[in-house]
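# Next comes the sequence, and after it the predicted model I'd like to discuss.
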Amino acid sequence: MYFIVIMAFAFVLSEGLPPEQFNLFRHQPVAGAFAVIVGQISMIVATAWLGRLRTLARLDHTIEGHEEAADRLSATHHVILWMLAITLTLTMVCTPWIPLVRRMDGLARVPLAAELVILMPFFAALGLAWIVLYEPEVRLRREARALEAAQQQTVSEPPDSSLGSYLVDKFRHQVLIVAAPMSAIVLVKFFTNMLKPQLARHRIEWLADSILGCTSVVVLFLSPVILRYVWSTQPLPEGPLRERFKGICRRIGLKYREILLWRTHGMAVNAAVMGFVPPLRYILVSDALLTTMRDEEIEAVFGHEAGHVRHWHLHFFGLFALLSMYVAGGVMELLLLTPLRNDLAMMNLIALSVLMGCWLFGFGWLSRKFERQADLFGIRCITPDVQNCTTWCPVHGSPPAAVASNGLCVSAANIFGRTLLKIADLNGIPRHAPSWRHGSIDSRCNLIEQFTVDAERLRKFDRLLWWLKAGLLILAVVGTFLAVIIWYPRIAPALFEALGWSRHGHGPRGRLFPTN
């Protein structure tokens, strides 16, 4: 879902859409645009309703029925995501919906108004699909808690999410996590566009894009603070669990601002970490995680999230974002050498397609690698608490020389693998279901098992991640160097002229600073 929300805002930020050659309704713009919008909403709602019926039909309080119902609901979610992506692209690229909205009286003068109206069909289709799927999703999770409690001979605490709280939580966790920071960027773009005519008179119109780029960096750093209040959170109450988390952080050297309890009305068994720097870093553990998992399992999840911080994953994601912008910018530079240089809309669409391709394939692949590295850190994080282990364990076994292999503790790996499987089951996620950012639970557990019995393969994976990060850093430095070479000759003369300096940095009278 995150990728599709990113797509939606990328379309809003693009200029000149739709390209004239892609506009299928240039002769009947209003009727055509509304026909596509009504059609896409109708198809998505119909698909959700079919998935609802098929899922509810298999919920019979048996393990087999539960697993098949989870498969059907997961398949419905995946089909709807693809439909949302395709229909969003069709609406933005092949209909005059964007220019129709931007020409509406009054909207252009109100910040964010036009952009929100442009995205309204997307939000409407998504919200209606959530409403249709509310009952099967809640029932699936309640049944999962009941089945888990029956196996463990404990009392389950089912989710207490009403339709209203369910929709609010869905919007918070799947849309606002991207939309809140992106809206801030769109808001700044509104004001920089107003400045462009004045900047153009001084031949420094590029300054508007520079301001937008700097704003994006600032918003990225401040987004943890934004999301803390967008989501429903509070400091984790004092007690043994909080002290255990604090002890883990001290042991692994993890600095943070606060450990937060993430309220999800019992729907999400999950944890998260966000923030590039310790003063703005928050660690979140959900309410359902605390009520459904044992202490060692919670510690395993916590260790996984800590692994993202200790391995600098957020920072390398930032480098990837920078590189993707360089790639898209490089494509724009190449297009300026082609006959398309006079077709701004088409150039923007091609560059946007390249950018989205980088994120869909490149970021997804990188994220899945980082998830596996965080899994390994989670296993190593809980290893010191293992009391009894097998004799062939690379860490606790015999002979002592086995420790030199830097392998994984067998017992810790088993705890972590069971935790992943339990989280998938409690969240109603099929173990084999693919995930853009995380990969399937089965694939992660299989890899952990292979690394546990094959220390050499584990070392190769660690080396691969080292070279991968080094490559990202090197490419970012090279990309920045090339960007300076390309843009400095275009920017410097106009900038110096606007400041009243000569090209060599001296004032109009040959001095460093102009005199009266």
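Nice, I can see it. Predicted model, so just to flag it, every value in this text is computed and none were measured.
# hang on, isn't W130 packed against Y166?
Yes. Judged on CB atoms under 8 Å, W130 makes contact with Y166 at a distance of 7.4 Å. Any C-beta I mention is one placed from the backbone N, CA and C, and that applies to glycine too.
# E238 belongs to a helix, doesn't it?
No. Using DSSP: H, G, I helix; E, B strand; the rest coil, the assignment for E238 is coil, not a helix.
# give me phi/psi at it?
When read as degrees, to the nearest 10, the backbone of E238 gives phi -60, psi 140.
# Number the chain from 9, please
Happy to do that; since the first residue is 9 now, the last one works out to E246.
# Provide the secondary structure category for the closest residue to A187 other than its chain neighbours.
For A187, ignoring the flanking residues on the chain, the nearest one in space by CB to CB, 6 or more residues apart in numbering is V13 at 6.1 Å. Of the three states, V13 takes helix under three-state DSSP.
# V13 against V186, yeah?
Yes. With contact defined as CB under 8 Å, V13 counts as touching V186 (4.2 Å).
# For stretch 51-59, what does the pLDDT average out to?
Averaged across stretch 51-59, pLDDT comes to 96.
# Sort out which residues of it are buried, please.
By neighbour count with 16 or more other CB atoms under 10 Å, stretch 51-59 contains the buried residues 52-53, 55-56, 59.
# now do stretch 205-212
Result for stretch 205-212 [16+ other CB under 10 Å]: buried residues 207, 212.
# which residues in the stretch 159-308 of the chain form helices?
Ranges of helices in the stretch 159-308 of the chain, per DSSP state H, counting those that start in this stretch, are 171-178, 185-209, 214-238, 248-260, 295-300, 303-318.
# between those helices, which gets nearest to Q36?
Q36 lies closest, by CB to CB, to one member of the helices of the stretch 159-308 of the chain: helix 185-209, at 29.1 Å.
# tell me how far the longest helix along the chain is from the chain's mean position?
Ranked by residue count and defined by DSSP state H, the top helix of the chain is helix 463-507. Put simply, helix 463-507 sits 22 Å off its chain's centre (CA atoms, centre = their mean, to the nearest Å).
# That helix - contacts with which helices or strands?
Contacts defined by 3 or more CB pairs under 8 Å, 6 or more residues apart in numbering; DSSP states H and E place helix 463-507 against helix 214-238, helix 321-343, helix 372-390, helix 449-461.
# wait, M190 sits on Y10?
No. Using CB under 8 Å, M190 is not in contact with Y10; the gap is 10.9 Å.
# and C453, how far is that from I291?
Distance, C453 to I291, by CB to CB, to the nearest Å: 24 Å.
# no, scratch that, I was asking about R209
For R209, the distance to I291 - CB to CB - is 49 Å.
# Over to M112?
The spacing between M112 and I291, counted by CB to CB, is 44 Å.
# just W320 next, same as before
Where I291 is concerned, W320 sits at a distance of 16 Å (CB to CB).
# okay, the two: which has more neighbours?
The residue with more neighbours, out of W320 and I291, is I291; 23 against 14, by other CB atoms under 10 Å.
# quick one, what contacts the more buried one?
253, 264, 266-268, 279-281, 310, 313-314 (CB atoms under 8 Å, 6 or more residues apart in numbering).
# What residues are bridge-paired with it?
I267, V281 (DSSP bridges).
# tell me, how many neighbours does the residue nearest to P392 when sequence neighbours are not counted end up with?
Spatially, and ignoring its direct neighbours in sequence, P392 is nearest to R259 (7.4 Å; CB to CB, 6+ apart). Around R259 there are 11 other residues, counting by other CB under 10 Å.
# Same check on L483?
As a measure of burial, L483 has 16 neighbours, counting by other CB under 10 Å.
# now do the one 3 residues further on
Using other CB under 10 Å, the number of residues around V486 comes to 12.
# cool, and C222?
For C222, the neighbour count with other CB under 10 Å is 11.
# got it, and L136?
So L136, with other CB under 10 Å, has 16 neighbours.
# next one: the one 3 residues further on
As a burial measure, the neighbour count of I139 was computed by other CB under 10 Å and equals 16.
# Show me which of M190 and Y10 is the more surrounded one.
Neighbour tally, M190 and Y10, criterion other CB under 10 Å: the higher count belongs to M190, 22 against 13.
# ok, for that one, nearest residue in space, not its chain neighbours?
Nearest to M190 is F17, by CB to CB, 6+ apart, at 4.2 Å.
# give me the low-pLDDT residue ranges for the stretch 59-208 of the chain?
160-166 (pLDDT under 70).
# let's see 90
The model of the stretch 59-208 of the chain has pLDDT under 90 over residues 67-75, 110-123, 149-170, 173, 177, 180-181, 184-208.
# same check, this time on the stretch 409-524 of the chain
Per-residue confidence for the stretch 409-524 of the chain (pLDDT under 90) gives these ranges: 409-419, 433-437, 439, 441-447, 460-464, 491-524.
# redo that, cut-off 50
Applying pLDDT under 50 to the stretch 409-524 of the chain flags residues 409-412, 513, 515-524.
# Any idea how many residues pack against the residue nearest to P245 when sequence neighbours are not counted?
Closest residue to P245 apart from its sequence neighbours, by CB to CB, 6+ apart: L269 at 7.2 Å. For L269, the neighbour count with other CB under 10 Å is 17.
# same thing with L368?
For L368, using other CB under 10 Å, the count is 15.
# now the nearest residue to it once chain neighbours are set aside: how far from G172?
Excluding its sequence neighbours, the residue lying closest to L368 (CB to CB, 6+ apart) is F11, at 6.4 Å. Distance of F11 to G172, computed by CB to CB: 27 Å.
# Which of the two has more residues huddled nearby?
Each of F11 and G172 has its neighbours counted (other CB under 10 Å); F11 has more, 17 against 8.
# these two touch, right, the more buried one and S375?
No. Taking CB under 8 Å as the definition, F11 is not a contact partner of S375, at 10.5 Å.
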